[in-house]
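Colleague: no sequence on this one, just coordinates:
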């Protein structure tokens with residue numbers, strides 16, 4: 001079985017969409033292997049989104065993601081990473097197909113409901129990244 005990481009973002013929490021998003025994954029047959037709600041710290045997010053640090057939206061993204069708690073999900077299933085990415089849809093909500101999570105619920109590029117790991121290796125890195133014993137002090 002493959003595992004992947006999904007972060008239900010602050011906009012989904014504020015709009016009471018977390019249960020709907022989780023239910024969609026479960027209905028697809030993915031199993032929740034781990035779940036926690038956490039207020040993500042700016043310093044952690046800066047490492048997570050380091051590949052965006054030179055982009056104009058970087059600071060706004062960090063502020064948004066640290067504004068309210070998020071839900072971190074480890075989902076498990078056959079080809080979980082690819083299945084989740086297909087269910088989530090395009091990062092740009094206006095380009096996401098209807099029927100995908102972002103296509104149905106996204107209101108902007110930043111407020112696109114969920115983060116989904118791009119591949120298994122990145123997911124594995126972030127499983128460790130977000131565990132308390134590996135968390136770096138800010």
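Modeller: Noted; the coordinates are in hand. In this text the structure is predicted, and so the values were computed from the model without any measurement.
Colleague: any weak-confidence spans in this structure?
Modeller: The chain contains residues with pLDDT under 70 at 129, 131-138.
Colleague: and the residue nearest to residue 42 when sequence neighbours are not counted, what does it touch?
Modeller: Spatially, and ignoring its direct neighbours in sequence, residue 42 is nearest to residue 66 (4.8 Å; Cβ to Cβ, 6 or more residues apart in numbering). To be clear about C-beta, it is placed using only N, CA and C from the backbone, and glycine gets the same treatment. Under the criterion of Cβ atoms under 8 Å, 6 or more residues apart in numbering, the neighbours of residue 66 are 39, 40, 41, 42, 45.
Colleague: Please tell me how far residue 97 sits from residue 87.
Modeller: 11 Å (Cβ to Cβ, to the nearest Å).
Colleague: okay, those two: which has more neighbours?
Modeller: residue 87 (21 against 11; other Cβ atoms under 10 Å).
Colleague: Am I right that residue 67 is in a strand?
Modeller: No - looking at residue 67 with DSSP: H, G, I helix; E, B strand; the rest coil, it is coil, so not inside a strand.
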